[in-house]
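Engineer: sequence first, predicted model second:
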Amino acid sequence: SAVISQKPSRDICQRGTSLTIQCQVDSQVTMMFWYRQQPGQSLTLIATANQGSEATYESGFVIDKFPISRPNLTFSTLTVSNMSPEDSSIYLCSVMSGSRYGYTFGSGTRLTVV
Amino acid sequence: AQSVTQLDSQVPVFEEAPVELRCNYSSSVSVYLFWYVQYPNQGLQLLLKYLSGSTLVKGINGFEAEFNKSQTSFHLRKPSVHISDTAEYFCAVSERETGGFKTIFGAGTRLFVKA
């Protein structure tokens, strides 16, 4: 299965600022997924990022708040914009080697907004 | 899957005791089923998966799960747990939809193994 390198692993940010999270995959993948895991909760899909097209956002998430880039088949970034304390979560990127193999996840970015 | 329910939010258990983490789902189509483990301050790691065939699936670290189609369940079991099994466990269900697959995660069960 694919290996994902995600960074930063954690950050503490001031409200009103933005943070960009990067994910690098060791193989080419068509789709990359970005999830949010709020404290004590399960994973919520933010958006699906395809190379060469705009990301598809889930209900409750908008591009202005969570812009995503997907410049090639091995890399993607998620930006959390104009942050507030409510954005404090773990953000995870993921790829799927066909659903037969389940998801492979990055190690996550633990974001704290103060 | 319309929903995935993990019936226990927390499961405390003594070391070397058996454990079962429960997962039920609702879906009107065929599904693929997964269990993931999340150790503290880490991402999710695939424990095991059911795609087809034998309903008893064995995964890593001595875990196994049984798919019960009539009860729409996929409970995770381990006959003897270790302190190192302390983690959050997520059940996930994937079903085919137009354009690909959709995956829903359960709310998670925190397994706490005590000495």
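Structural biologist: Arrived safely.
Engineer: could you give the separation of stretch B:42-59 from the chain centroid?
Structural biologist: 8 Å (C-alpha atoms, centre = their mean, to the nearest Å).
Engineer: residues contacting B:Phe14?
Structural biologist: B:Val113, B:Lys114, B:Ala115 (C-beta atoms under 8 Å, 6 or more residues apart in numbering or on different chains). Bear in mind the C-beta positions are built from the backbone N, C-alpha and C, glycine included.
Engineer: name whatever forms a beta bridge with it.
Structural biologist: B:Lys114 (DSSP bridges).
Engineer: ok, it to A:Tyr57 distance?
Structural biologist: For B:Phe14, the distance to A:Tyr57 (C-beta to C-beta, to the nearest Å) stands at 45 Å.
Engineer: try B:Gly62
Structural biologist: For B:Gly62 relative to A:Tyr57 (C-beta to C-beta), the value is 39 Å.
Engineer: now residue 72. Its backbone dihedrals?
Structural biologist: Going with chain A. Geometry field for A:Asn72 lists phi and psi as phi -150, psi -180, criterion degrees, to the nearest 10.
Engineer: just give the nearest non-adjacent residue to it, would you?
Structural biologist: Among residues not flanking A:Asn72 along the chain, A:Gln51 sits closest, at 6.2 Å (C-beta to C-beta, 6 or more residues apart in numbering or on different chains).
Engineer: count the residues that sit near that neighbour.
Structural biologist: 16 (other C-beta atoms under 10 Å in any protein chain shown).
Engineer: show me what contacts it?
Structural biologist: A:Thr30, A:Arg70, A:Pro71, A:Asn72, A:Leu73.
Engineer: can you select the buried ones from the contacts of B:Phe14 in ChimeraX?
Structural biologist: The following ChimeraX line selects those of these that are buried, judged by 16 or more other C-beta atoms under 10 Å in any protein chain shown:
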select /B:113
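Engineer: ok, of the contacts of B:Phe14, which one's closest to A:Ser1?
Structural biologist: B:Val113 (27.0 Å; C-beta to C-beta).
Engineer: quick one: the residue nearest to A:Val3 when sequence neighbours are not counted and B:Phe74, what's the gap?
Structural biologist: In space, A:Val3 comes closest to A:Asp26 once its chain neighbours are excluded; the distance is 4.5 Å by C-beta to C-beta, 6+ apart. The gap separating A:Asp26 from B:Phe74 is 30 Å, by C-beta to C-beta.
Engineer: in the lowest-mean-pLDDT helix or strand in chain B, what's buried?
Structural biologist: Scoring the helices and strands of chain B by mean pLDDT, DSSP states H and E places strand B:100-105 at the bottom, with a mean of 80. Using 16+ other C-beta under 10 Å as the test for burial, strand B:100-105 gives B:Thr103, B:Ile104, B:Phe105.
Engineer: ok, so of those, who is nearest A:Val113?
Structural biologist: Nearest to A:Val113 among the buried residues of strand B:100-105, with distances taken as C-beta to C-beta, is B:Phe105, at 23.5 Å.
Engineer: mind listing the strands in chain B by residue range?
Structural biologist: Counting by DSSP state E, chain B has these strands, from start to end: B:3-6, B:10-14, B:19-21, B:23-26, B:31-38, B:44-50, B:56-58, B:64-68, B:73-78, B:87-97, B:100-105, B:109-114.
Engineer: returning to that earlier point: can you count the residues close to the residue nearest to A:Val3?
Structural biologist: 11.
Engineer: next, the buried residues of the helix or strand containing A:Ile21.
Structural biologist: Assigned by DSSP states H and E, A:Ile21 belongs to strand A:19-25. Within strand A:19-25, the residues that qualify as buried by neighbour count (16+ other C-beta under 10 Å) are A:Leu19, A:Ile21, A:Gln22, A:Cys23, A:Val25.
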